[in-house]
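> Sequence and computational prediction follow.
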Amino acid sequence: MAMHLPSGKGRGRRSPMADINVTPLVDVMLVLLIIFMVTAPLLTAGVPVNLPESRAKALEQEQKPVQIAIDEAGKVFVDNEEVTDAALAAKLEAIAARPAGPDGKPAQIFLRADQALGYGKVMKVMGELNRAGLNRVSLLTNASSASPGSKP
């Protein structure tokens, strides 16, 4: 009985390679990383609003806040859904009626308003928020690197 054992001295036959080629894996991972880096900023902004600048620091949040945006034309959006002025009060009351978060506090509201917008429109929305009992309102701005006494 003869048995053939593979050896390095064979005639053109190679033993199977036991290593994993990681180059295609790295290529695919880098492409996926680039895709996520390009698409991630597009997912955060809902309604395009030109925010004013401020030197305030970011807030800590324990649950997902309700996003309210007012664009340059004065249209109000609640979580990226346009709401008419007549339906705003009912929408805010429905948000206030939701069960409180794990900390027992009502929903956090993030209000974004275009800087070209008149003060009256923002105050009207804030008045509706207050009437609905939503008092945890944060006004969002863009971060500014300018010092307090400097002019833009």
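Cool, the structure landed. Numbering: from 1, shown residues only.
> what's the longest helix in this protein?
The longest helix of the chain (DSSP state H) is helix 23-44.
> what packs against that helix?
Using 3 or more C-beta pairs under 8 Å, 6 or more residues apart in numbering; DSSP states H and E, no helix or strand is in contact with helix 23-44. Glycine gets a C-beta too; all of them are placed from N, C-alpha and C.
> Give the buried residues for it.
Within helix 23-44, no residue counts as buried by 16 or more other C-beta atoms under 10 Å.
> quick check: mean pLDDT across that helix?
Averaging pLDDT along helix 23-44 gives 86.
> quick one: strands adjacent to the next helix or strand after that helix?
Using DSSP states H and E, the helix or strand that follows helix 23-44 in sequence is strand 53-54. For strand 53-54, the paired strands and their directions (DSSP bridges) are strand 142-143 (parallel).
> S138 in helix, strand or coil?
strand (DSSP: H, G, I helix; E, B strand; the rest coil).
> Nice, that's everything, thank you.
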